[in-house]
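K.L.:
The sequence and its predicted three-dimensional model are supplied below.
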Amino acid sequence: MPKLGAPFLHSITSLEENFDRSRFPFNIPAYDKGINIALDSKVTMLVGENGSGKSTLLEAVAECCGFDPEGGNRDHYRESFEDRSELAKALRLSWLPRTTEGFFLRAESFFNFATYIEEVSNLRAYGGKSLHKQSHGESFLALFENRFEHGFYILDEPEAALSPQRQLAFMSIINQLEAPGHAQFLIATHSPILLSYPGAKVISFDDGEIKQIDYKESSHYQLTKSFLDSPERYFRQLFEDYDDA
């Protein structure tokens with residue numbers, strides 16, 4: 001029988017009995033009606049303002065997958081149900097087929113992960129060069145190009161270290177993996193470039209709810225486009241003494 005491909009994770013839902021909305025993180029406005037996200041695309045983008053709950057949810061999903069909540073894969077972390085965060089305990093993940101392969105990337109803790117890799121791993125698996133001896137963007141792409149293969153990949157703001165040109169290169173890597181059904185991606189991002197990935201499902205956490213939108217409906221796209229179309233208008237609002245004459 002042929003091996004089934006992505007998407008592997010089909011839904012993320014909350015267990016109402018474990019949702020105590022009187023305390024964090026359950027009192028995040030977007031979580032008010034619970035969590036019910038269908039992952040029917042091989043690439044799903046989570047978008048929203050800082051504090052909207054998207055990264056908090058990613059970390060909890062990573063815990064449920066057995067990934068290190070600080071970043072890494074199952075080789076770098078072992079956990080039991082009791083070790084999970086309260087939000088992770090309140091989630092149900094539905095798989096078909098289940099995969100244990102994958103990776104959780106947190107831009108903010110990538111330096112610590114790179115140090116760990118140098119201590120325990122063969123650098124040939126990361127392009128043969130120390131991740132610390134490459135620029136932040138180069139090391140990110142070295143990880144993407146050399147370690148991403150078959151599995152479920154959770155990425156929290158991967159654009160943080162990537163120039164616009166390298167964001168395009170990253171999209172090419174995503175395509176090489178997801179198009180043949182080898183990989184599934186769940187990505188939290190502020191990047192209008194990444195949000196435009198063809199066929200990606202975009203889930204917004206803004207306005208106190210979790211809902212699917214077109215990427216052009218996102219505030220990130222709309223604000224970026226509006227600014228680039230007429231930066232002077234924003235400068236007038238931001239800088240009292242601005243004079244474009």
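P.N.:
Thanks, I have the structure now.

K.L.:
Quick check: residue 221 vs residue 231, distance?
P.N.:
Residue 221 sits at a distance of 16 Å from residue 231 (criterion: C-beta to C-beta, to the nearest Å). The C-beta positions use only the backbone N, C-alpha and C, and glycine is treated the same way.

K.L.:
Which of these two has more residues huddled nearby?
P.N.:
Set residue 221 next to residue 231 and count neighbours by other C-beta atoms under 10 Å: residue 221 wins out with 20 against 12.

K.L.:
I figured the more buried one hits residue 215, correct?
P.N.:
Yes: the criterion here is C-beta atoms under 8 Å, and residue 221 meets it with residue 215 at 5.8 Å.

K.L.:
what residues are shared contacts of these two?
P.N.:
192, 195, 196 (C-beta atoms under 8 Å, 6 or more residues apart in numbering).

K.L.:
Could you check the pLDDT of the closest residue to the second one other than its chain neighbours?
P.N.:
This means residue 195. Setting aside the residues directly before and after it, residue 195 is nearest to residue 215 in space (C-beta to C-beta, 6 or more residues apart in numbering), at 4.1 Å. On the pLDDT scale, residue 215 is placed at 95.

K.L.:
ok, now residue 83?
P.N.:
Looking at residue 83, its pLDDT is 72.

K.L.:
give me the number of residues near it?
P.N.:
By other C-beta under 10 Å, 12 other residues sit near residue 83.

K.L.:
what about residue 159, which SS state?
P.N.:
The three-state label given to residue 159 by DSSP: H, G, I helix; E, B strand; the rest coil is helix.

K.L.:
Mind picking out the helix or strand in this structure with the poorest mean pLDDT?
P.N.:
helix 110-120 (a mean of 53; mean pLDDT, DSSP states H and E).

K.L.:
Got the phi and psi for the spatially most central residue of the chain?
P.N.:
For the chain, residue 187 is the residue whose C-alpha lies nearest the centre (C-alpha atoms, centre = their mean; 2.4 Å). The phi/psi pair for residue 187 (degrees, to the nearest 10) reads phi -130, psi 130.

K.L.:
got the contact list for the residue nearest to residue 195?
P.N.:
By C-beta under 8 Å, 6+ apart, the neighbours of residue 215 are 45, 47, 192, 195, 196, 200, 202, 221.

K.L.:
and the helix ranked longest in the chain, what does it pack onto?
P.N.:
Secondary structure of the chain read by DSSP state H shows that its longest helix is helix 164-178. For helix 164-178, the packing partners by 3 or more C-beta pairs under 8 Å, 6 or more residues apart in numbering; DSSP states H and E come out as helix 136-147, strand 183-188, helix 192-195.

K.L.:
Now do it: distance to the chain's middle.
P.N.:
Its chain's C-alpha centre and that of helix 164-178 lie 14 Å apart, by C-alpha atoms, centre = their mean, to the nearest Å.

K.L.:
Report the rounded mean pLDDT for it.
P.N.:
93.

K.L.:
One more: stretch 183-201?
P.N.:
Stretch 183-201 shows a mean pLDDT of 96.

K.L.:
Of all the residues in it, which ones are buried?
P.N.:
183-195, 197, 200-201 (16 or more other C-beta atoms under 10 Å).

K.L.:
with those residues in mind, which one is nearest to residue 22?
P.N.:
Closest approach between the buried residues of stretch 183-201 and residue 22, by C-beta to C-beta: residue 188, at 25.5 Å.

K.L.:
Relative to residue 228, how far out is residue 71?
P.N.:
For residue 71 relative to residue 228 (C-beta to C-beta), the value is 32 Å.
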